[in-house]
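J.: Turn this into a model:
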Amino acid sequence: MFLYNLTLSRPSGIQCAIYGNFSAPKAQEIVVSRGRILELIRPGDNGRLQVILSTDIFGCIRSLAAFRLTGAQRDYIIVGSDSGRTVILDYNKDRNQFNKVHQETFGRSGCRRIVPGQYVAADPKGRACIIGALEKQKFVYVLNRDSAANLTISSPLEAHKSHNIVFHMCALDCGFDNPIFAAIELDYSDADQDPTGDAAAAAQKHLTYYELDLGLNHVLRKWSDPVDNGANLLIPVPGGGDGPSGVLVCAENFLIYRHQGHDEIRTVLPRREDLSGDRGVLIVSYASHKKKAYSFFLLQSEYGDIYKATLVYEGDTVTELKVKYFDTLPVCVSLAVLKTGFLFTASETGNHALYQFVGTGEDDDDVESSSATLVQTEEGYAPVFFTPRPLKNLVLVDEMPSLMPLIDMKVANLLDEEIPQIYALTGRGPRSALAVLRPGLAVSELAVSPLPGAPTAVFTLRAQPGDEQDGFIVVSFSNATLVFEIGEEVKETSQSGFQATTATLHTQLLEDGSILQVHSSGLRHIRTDRRINEWKAPGRRNITRAATNSRQVIIALSGGELIYFEMDQLGQLLELAKRDMDGDVASLDIAPVLPGARRCKFLAVGGYDNTVRMLSLEDGTQLRPVATQAVNAVPESLSMLHGQSADDGPGGDAGLFLHVGLSNGVLQRTEVDRITGERLAAAHATKW
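T.: Take a look at the predicted model:
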């Protein structure tokens, strides 16, 4: 029996990543696979990586590819998985989810050797895609539009070849000619029949082109030519007027340009000076940056060294292939160059990172190898050496934490906490670390803003009453107030209407969308049309405490006088009542207004005489005492909340509860009669 399951913590390692414009025409976004999790990541304007969407597919993602139909402005996602199906997804910005556009079944489920899904490639013009297996099977799908401009997908066209192992696959850029797909293949049919092993030793890899004839709706094996047996990766070269087309074949120690009807162009990969001669250099990941006037490729070796590869060509003829040492980064499974000048690296071990380009690798001091200067000796081609150096062309902007790989793990309570901790060894080599994990919700740092001093209070406000999230952060200092607006980034705003030259005691978003600022000298009512109403404290007295909800405001002046305000139908705050409490007020609170009600009926007032008083706010009895409760310390904080009463049962009316925080660390909870304001249940006390 197999059951769906959700892990308490999502995987942090990335298996593959693709770049595209998935939510908007000019959005710079990355879709990554974390095993069974599909995520949409977007770098903010400040360079911070933001996870826009994370969804569990309850399966194993094997490969990803992005494509765009001709004339379209957004990209689709092709997912190769263990489901035995080709799935095409589209990101819905309004609902923040991936929508399944098409799902075509072609084989059995599971990560099988002959079931396609390991390799996915899409034609750069969005006309076709290919999905292949490690062995034998390949399916080609024609992509098109219907009369309503919706994406359509054809029945699969077979491009199978038995006894054939595929090492990599890509789609060529051939303009609007018939789509062509390239693959590195090895035919083992002879080796399978030869018990001596001679045929296996003589087996030769081939670079094979598969052409989709759009007119005949047929896939044919167009061209196959022997290639270096160390070949492991194919990189498509821009074509169709933007370049010569063809592929770059990444082989052990070499980078080779190949294309049908073109001579082989080969150059060596620069190698470290301290690398032993019996060890080769393999390319494990790449990223390409394509422009009409200029394009280049970033290649990363298994040692983390980044190379910049460029082609010199005239028309469709390549004359020179250059490879230059660029920088050194942790080994990655995927690289993505963004058009905004960033490089995303999905690291094989350790944290993933976002870098910014500060150079393009045009420095003449950097080591470069070229096909034009390739020297062949009796022992082979002469190597080109370099010495790794600190980053020069890239600067680190942001990181995403990753525990991959977990080497070992122990659960122990070494810190003598309530819940044991998880101690894990993560990473590899110089990126190894000891991670201490605790159960709980992780907190991600989204923005950092420097402050001019130590704040005395922090408040959050919604921009409108119906908003789900807060839109402003109000930071109060001893003699000033700063207001920050929350958007793509957190930035200071001067258009809030707040008085910036005084400390803020309290803030409140009122039900009509206006904002109230309470400071020591009075009230500042900021209307929705940005008109400001001021109320000044009488005489030389200051406001010491305040409590508000969406319709009511109560302030306490020095000396113990309470003043009660209520909003009328025109959105104005009217002063309705005053009362002298015969002593300074230690704390105030009022419950939120229930739906359908005009006001909260009661006010809680804490005094320095170790008492908590309930005052009525009903018409004609404003600020009249209705109950008093003695406590064993000064009530420094009060909180009145509506909740489910124990006597009402399910579906009953909301009960009213008073929480009292005392100066001795005791939290006291009392149920209050919502009709009379008197104490109903005995207080429950907890020591903190």
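
J.: residue ranges for the strands of the stretch 351-500 of the chain, please.
T.: 352-357, 368-370, 376-377, 380-381, 385-386, 394-400, 406-412, 421-426, 433-437, 457-461, 472-476, 481-486, 490-492 (DSSP state E, counting those that start in this stretch).

J.: What is the three-state secondary structure of the residue nearest to L658 when sequence neighbours are not counted?
T.: The shortest distance from L658 to any non-neighbouring residue, by Cβ to Cβ, 6 or more residues apart in numbering, is to T670 (4.9 Å). For glycine as for every other residue, the C-beta is placed from the backbone atoms N, C-alpha and C. With DSSP: H, G, I helix; E, B strand; the rest coil as the basis, T670 sits in strand.

J.: What's the per-residue pLDDT of T670 here?
T.: Listed pLDDT for T670 reads 89.

J.: Next, count neighbours for it.
T.: 22 (other Cβ atoms under 10 Å).

J.: picking up where we left off before, would JSON lines of the strands of the stretch 351-500 of the chain with mean pLDDT and mean neighbour count be doable?
T.: Formatted as JSON lines, those follow (pLDDT from 0 to 100; neighbours: other Cβ atoms under 10 Å):
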{"stretch": "strand 352-357", "mean pLDDT": "94", "mean neighbour count": "20"}
{"stretch": "strand 368-370", "mean pLDDT": "93", "mean neighbour count": "21"}
{"stretch": "strand 376-377", "mean pLDDT": "83", "mean neighbour count": "8"}
{"stretch": "strand 380-381", "mean pLDDT": "86", "mean neighbour count": "12"}
{"stretch": "strand 385-386", "mean pLDDT": "94", "mean neighbour count": "16"}
{"stretch": "strand 394-400", "mean pLDDT": "94", "mean neighbour count": "17"}
{"stretch": "strand 406-412", "mean pLDDT": "92", "mean neighbour count": "11"}
{"stretch": "strand 421-426", "mean pLDDT": "92", "mean neighbour count": "17"}
{"stretch": "strand 433-437", "mean pLDDT": "91", "mean neighbour count": "12"}
{"stretch": "strand 457-461", "mean pLDDT": "93", "mean neighbour count": "15"}
{"stretch": "strand 472-476", "mean pLDDT": "93", "mean neighbour count": "20"}
{"stretch": "strand 481-486", "mean pLDDT": "90", "mean neighbour count": "20"}
{"stretch": "strand 490-492", "mean pLDDT": "85", "mean neighbour count": "13"}
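
J.: mind putting those strands in TSV, distance to V323 included?
T.: Listed next are the strands of the stretch 351-500 of the chain as TSV, based on distance: least, Cβ to Cβ, whole Å:
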stretch	distance to V323
strand 352-357	18
strand 368-370	5
strand 376-377	17
strand 380-381	13
strand 385-386	11
strand 394-400	18
strand 406-412	34
strand 421-426	33
strand 433-437	33
strand 457-461	53
strand 472-476	50
strand 481-486	46
strand 490-492	43
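
J.: In contact with R524: list those residues for me.
T.: Shown in contact with R524 (Cβ atoms under 8 Å, 6 or more residues apart in numbering): G497, F498, Q499, L516, Q517, V518, I532, N533, E534.

J.: just curious, which of those is nearest to A547?
T.: A547 lies nearest to V518 out of the contacts of R524, by Cβ to Cβ, at 9.5 Å.

J.: Where does the closest one fall, secondary structure wise?
T.: strand 515-519 (DSSP states H and E).

J.: And D190, by the same measure?
T.: Counting by DSSP H and E, D190 is part of helix 189-193.

J.: Contacts for that helix next, please.
T.: Here helix 189-193 makes contact (Cβ under 8 Å, 6+ apart) with S162, H163, G197, A199, A200, A203.

J.: Please tell me how far the fifth one sits from L425.
T.: Taking Cβ to Cβ, to the nearest Å as the measure, A200 falls 39 Å from L425.

J.: Which residues does the closest residue in space to M409 that isn't next to it in sequence form beta bridges with?
T.: Counting by Cβ to Cβ, 6+ apart, A424 is the residue found nearest to M409 once chain neighbours are left out, at 4.5 Å. Counting by DSSP bridges, A424 forms beta bridges with M409, A435.

J.: Just to be sure, Y257 is in a strand?
T.: Yes. According to three-state DSSP, the state of Y257 is that of a strand.

J.: Could you double-check that it sits in contact with C250?
T.: No. With contact defined as Cβ atoms under 8 Å, Y257 does not count as touching C250 (11.1 Å).

J.: thinking again about what came up before, wait, the residue nearest to M409 touches L437, no?
T.: Yes. Between A424 and L437 there is a contact under Cβ under 8 Å: 6.3 Å.

J.: which one of the strands of the stretch 351-500 of the chain lies closest to Q508?
T.: Across those, closest to Q508 is strand 457-461 (Cβ to Cβ), at 8.0 Å.

J.: Just give me the closest of the contacts of helix 189-193 to G240.
T.: Using Cβ to Cβ, these come closest to G240 at S162, 33.4 Å.

J.: Residue ranges in the chain under the pLDDT threshold?
T.: Where the chain drops to pLDDT under 70, the residues are 1-3, 292-293, 441-444, 446, 644-654, 679-688.

J.: how about 80 then?
T.: 1-8, 45-46, 291-294, 364, 379, 440-450, 487-489, 643-655, 679-688 (pLDDT under 80).

J.: so where do the helices sit in it?
T.: 189-193, 198-201 (DSSP state H).

J.: how many neighbours does E534 have?
T.: Neighbours of E534 (other Cβ under 10 Å): 10.

J.: for the one 5 residues further on, same thing?
T.: Counted with other Cβ under 10 Å, the burial measure for G539 works out to 9 neighbours.

J.: And it, how close does it get to D580?
T.: For G539, the distance to D580 - Cβ to Cβ - is 14 Å.

J.: With distance to V337 added, can I get the contacts of R524 in JSON lines?
T.: Formatted as JSON lines, the contacts of R524 follow (distance: Cβ to Cβ, whole Å):
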{"residue": "G497", "distance to V337": "44"}
{"residue": "F498", "distance to V337": "43"}
{"residue": "Q499", "distance to V337": "48"}
{"residue": "L516", "distance to V337": "49"}
{"residue": "Q517", "distance to V337": "47"}
{"residue": "V518", "distance to V337": "51"}
{"residue": "I532", "distance to V337": "50"}
{"residue": "N533", "distance to V337": "54"}
{"residue": "E534", "distance to V337": "55"}
